[in-house]
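> Structure of the sequence below:
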Amino acid sequence: MNKLSIIIPAYNEGPTIHFILDKLQNVTLPNGIEKEIIIVNDCSKDNTEEAILKYIETHPDMSIQYFKHEVNKGKGAALHTGISKATGEYLIIQDADLEYDPNEFNLLIQPVLDGFADVVYGSRFMGGNPHRILFFWHTIGNKFLTFLSNMFTNLNLTDMETCYKLFNTKIIQQIPLREKRFGFEPEITAKISRIPKIRIYEVGISYYGRTYEEGKKIGWKDGFRAIYCILKYGLFKR
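Numbers count the residues shown, from 1 in each chain. Presented below is the predicted three-dimensional model:
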């Protein structure tokens with residue numbers, strides 16, 4: 001691996017996006033791996049674009065590509081755009097908020113460098129890393145969705161809905177992706193599980209969750225959509 005593409009879908013993250021970009025700037029990847037940051041602004045209504053462009057202007061040493069949607073299409077659609085633009089051998093998804101710590105990229109990269117993995121998921125529910133205590137029913141919902149997904153994929157993941165997913169870029173760019181919102185997670189999991197001889201690993205990561213007052217966006221409707229997508233891509237698309 002010579003270059004890691006970091007895909008950041010952004011929607012109304014003007015107040016905080018510079019914090020995550022600062023963290024990415026300070027991350028040192030092993031073996032001199034370069035960082036390619038790809039930001040996709042999904043038609044934010046706040047000053048997200050202004051904040052991003054100002055950051056790019058004041059940090060010319062960072063490799064940052066910026067793309068925007070003229071209409072709001074959803075997180076999944078922003079990921080589709082970012083994935084299509086990636087040029088690194090591997091890519092990872094990074095939310096624009098502060099719930100996940102980029103310093104833990106190296107945890108996900110290590111199974112690849114060791115020659116074991118093509119795909120690595122970062123699990124919020126395994127290992128001894130810090131985990132903010134927030135919503136009981138969100139945790140139950142996440143574990144139920146993972147359980148349901150595992151039933152159809154025959155994987156033994158502990159956190160299918162995690163943001164931190166590391167992919168071999170050539171593999172994911174060859175997968176036709178349809179879901180434009182939060183259905184991306186079950187769709188991609190179902191589709192990679194059917195790739196012959198794919199090597200999927202999981203590592204424990206930290207989780208610094210946000211409240212809705214702090215900007216969390218996913219809700220109960222997205223949970224029902226995830227169930228629909230698990231059935232759609234796991235049962236009916238086999």
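
> Tell me where the protein has helices.
17-26, 48-58, 75-85, 105-113, 136-153, 169-173, 184-193, 220-234 (DSSP state H).

> what packs against the fourth one?
Contacting helix 105-113 under the criterion 3 or more CB pairs under 8 Å, 6 or more residues apart in numbering; DSSP states H and E are the following elements: strand 90-93, strand 119-123, strand 165-168, strand 200-204. The way it works is simple: take the backbone N, C-alpha and C, and place the C-beta from them, glycine included.

> Return the distance of it from the chain's centre.
15 Å (CA atoms, centre = their mean, to the nearest Å).

> tell me, what residue is most central in this protein?
The centre of the chain sits closest to residue 93, judged by CA atoms, centre = their mean, with a distance of 3.1 Å.

> okay, it: pLDDT?
Note on residue 93: pLDDT of 97.

> what's around residue 9, how many residues?
Residues lying near residue 9 (other CB atoms under 10 Å) number 26.

> Now it. Nearest residue, chain neighbours left out?
Once flanking residues are discounted, residue 9 sits nearest to residue 78: 3.5 Å by CB to CB, 6 or more residues apart in numbering.

> which ones are touching that neighbour?
By CB atoms under 8 Å, 6 or more residues apart in numbering, the residues touching residue 78 are 9-11, 40-42, 69.

> Apply 6 Å and report the result again.
9, 40, 42 (CB atoms under 6 Å, 6 or more residues apart in numbering).

> Perfect, I'm done here.
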